[in-house]
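dropping a prediction and its sequence here:
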Amino acid sequence: MADPVTARAPGRHSARELIALLADDSHDDSHDGSHDGSHDGSHDESNKSFRELPYPMREFKTNGPLSWQGYDASRARAASRTGEEESVVCGTAYIGGTPAVLIAFEFGFLGGSLGERTGDRLESAYEYARAHRLPVVPLVATGGSRMQEGMLALTQLQRVARQSVLTREAGLPQIAVLRDPTTGGGWATLGAGADVVLALPGAQVGFAGSRVRPADADPAAYTAEAQVAAGAADAVVRPEELRETLALWLRLLSADTVGTQTRGAGTVTIGDARSTEAAPPPSPSSPLSPPPALGAAPLPTTGWDAVQRARSPRRPRAETYLDAYFTRRAAISGDRCGGTDAGMACGFGECAADGRIAAYAAQLGTATRPAGYRTAARLIRLAERLGIPVLTLVDTPGAANDADAEREGAGAAIADLFGAVAAARTPITTLLIGEGGSGGALALAAPGNTWATPDSYFSVIAPELAAAILKRPEGEVEATADQLRIRPQDLVELGVVRGIVSPPQPS
């Protein structure tokens, strides 16, 4: 017979059941953080690394701030049913060896709604995370703001948004897990506002809950799967894979920020509840080395030879380079503006050569769509906030130029990526691995730190199009390619790329 905790629908686990599924067993380091004048939780989590955080005690008048008839009785029934005093449980735990602040919503307590006491707990948890340089993992299951507290409940969203922003500015990652349901302000702050958004299969996810959306609305649009397709969430993760997936993300995004950090201003130690001053965000690291070439070593003899080799289906593509460069990696998806692009791979990984954590944005050989540029810009800005170096792989015939691409804001999306690369304070290393088609390729390239493989080319315009614009016959396309000086060795001579990478040396 299945264990009742694991047999229950995954989106409807209680807060503590989900914590128990995710948290490591007890760890040597202390995370209780209890201090005088605050509640420290009464639940026994001795067999797990989870330690509930203290939180302020807010006194309410009878039936809450609005004197809502029956509110006290509703809270009492919810407490009796769930064993909780509020709709959220906050604490620290290790997941896969990485410490984090967990914010777990208890949907059984008034639908996981947010009230003033919920806001108190959330604010306290974020402050603790910044003081001890811990990532934040919201495990969201909420119907939104609590009606019985009116506008005072709604304004908790502003408190949460501010805490999220302050945590982001401190260079700490936020990884949200969307459970069933995640709607209203909880989705619009703790969920959609996170750096990485994971969702459980079939979870109801949307700003409009089931009782307030139009009667004829397509219910499929309000699901985790729909949010991933629309670029608002990164991935749907099966319950049995959630712990492993979270552990990987925490490892990749927290390796240089978690725990005891010495950064000029002093040392902040996990579990020292007396320390309330957040350490500064991570400093930029040194640039990554470009990957070695994985294709043929000889350089092309002519410009057209370079084009043909770059377009060859036998040439190694970005996925091959990423697999060789990283021992493990995790992908982000979506531009957070309603779009995705299967031709742009973005994410974070652990470098095989030295174990460093790096971000990557790689074109996969197709015409890049606006959502792809916006996703890459999102990736670079996140890596910058976390002090993680970036690797970009250029391989595209150019930006998508169809009517839909124009309607989706192609020019603005390319401009956004140019700006993200230009403003980045974290080092970016670029390798041209195939086609470098005009500005749609250049937008992903690092000025002054771009390298090329022998089977690549970079051009202001495709040779065929250049010949057409110049009204040259088809037979002059190859000569035009030579005139454009697009071979890797030409690019080095022109100062466009730093050098040509060689195949790896046999060990």
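Nice, thanks for sending it over. Numbers count the residues shown, from 1 in each chain.

tell me the spacing between A104 and V197.
Distance from A104 to V197, counting by C-beta to C-beta, to the nearest Å: 16 Å. C-betas here are computed from N, CA, C, even on glycine.

okay, and the helix or strand of this structure with the least pLDDT?
strand 267-268 (a mean of 30; mean pLDDT, DSSP states H and E).

and stretch 400-413, what's buried?
400, 405, 408-410, 413 (16 or more other C-beta atoms under 10 Å).

pull the most distant pair out of these.
Distance extremes for those: the farthest pair is A400 and G409 at 11.4 Å, using C-beta to C-beta.

need the overlap of contacts for the two.
P370 (C-beta atoms under 8 Å, 6 or more residues apart in numbering).

could you count how many residues lie near the residue nearest to A78 when sequence neighbours are not counted?
Excluding the flanking residues, the one nearest A78 by C-beta to C-beta, 6 or more residues apart in numbering is F109, at 4.5 Å. Using other C-beta atoms under 10 Å, F109 has 25 neighbouring residues.

relative to R75, how far out is F109?
According to C-beta to C-beta, F109 and R75 sit 8 Å apart.

so L250 is in which element?
Using DSSP states H and E, L250 sits within helix 239-254.

can you tell me the average pLDDT over that helix?
Here helix 239-254 scores 97 as its mean pLDDT.

go on, stretch 120-131?
Across stretch 120-131, the average pLDDT comes to 97.

before we move on, what about stretch 189-201?
Regarding stretch 189-201, the rounded mean pLDDT is 97.

quote the end-to-end distance of that stretch.
Using C-alpha to C-alpha, to the nearest Å, the end-to-end distance of stretch 189-201 comes to 21 Å.

equivalent analysis for stretch 337-357, please.
Using C-alpha to C-alpha, the end-to-end distance of stretch 337-357 comes out at 27 Å.

from the chain's centroid, how far away is that stretch?
On the basis of C-alpha atoms, centre = their mean, to the nearest Å, stretch 337-357 sits 10 Å off its chain's mean C-alpha point.

so what's the closest residue to P65 other than its chain neighbours scoring on pLDDT?
Sequence neighbours aside, L152 is the residue nearest to P65 in space, at 5.2 Å (criterion: C-beta to C-beta, 6+ apart). pLDDT for L152: 96.

rewinding a little: C-terminal to the least confident helix or strand of the chain, what's the next element?
Using DSSP H and E, the helix or strand that follows strand 267-268 in sequence is helix 303-311.

could I have the CA atoms of stretch 489-503 written out in PDB?
Below are the C-alpha coordinates for stretch 489-503, written out as PDB (Å, rounded to 0.1, in the frame of the first residue of the first chain):
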ATOM      1  CA  GLN A 489      41.200  33.800 -40.500                       C
ATOM      2  CA  ASP A 490      39.800  36.900 -42.200                       C
ATOM      3  CA  LEU A 491      37.900  37.700 -39.000                       C
ATOM      4  CA  VAL A 492      41.000  37.400 -37.000                       C
ATOM      5  CA  GLU A 493      42.900  39.700 -39.300                       C
ATOM      6  CA  LEU A 494      40.100  42.300 -39.200                       C
ATOM      7  CA  GLY A 495      40.100  42.200 -35.400                       C
ATOM      8  CA  VAL A 496      36.500  41.000 -35.300                       C
ATOM      9  CA  VAL A 497      37.400  37.800 -33.400                       C
ATOM     10  CA  ARG A 498      40.300  37.200 -31.000                       C
ATOM     11  CA  GLY A 499      41.400  33.900 -32.400                       C
ATOM     12  CA  ILE A 500      40.500  30.500 -33.900                       C
ATOM     13  CA  VAL A 501      40.100  27.600 -31.400                       C
ATOM     14  CA  SER A 502      41.700  24.300 -32.100                       C
ATOM     15  CA  PRO A 503      40.400  20.800 -31.500                       C
END
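
pull out the buried positions in that stretch.
For stretch 489-503, the neighbour count (16+ other C-beta under 10 Å) marks 490-491, 496-498, 500-501 as buried.

and for it, what are the contacting residues?
290-295, 297, 299, 303, 431-432, 448-454, 458, 485, 488.

what's opposite the residue nearest the centre of the chain in the beta bridge?
Closest to where the C-alpha atoms of the chain average out (C-alpha atoms, centre = their mean) is V196, at 3.1 Å. Under the criterion DSSP bridges, V196 forms beta bridges with I175.
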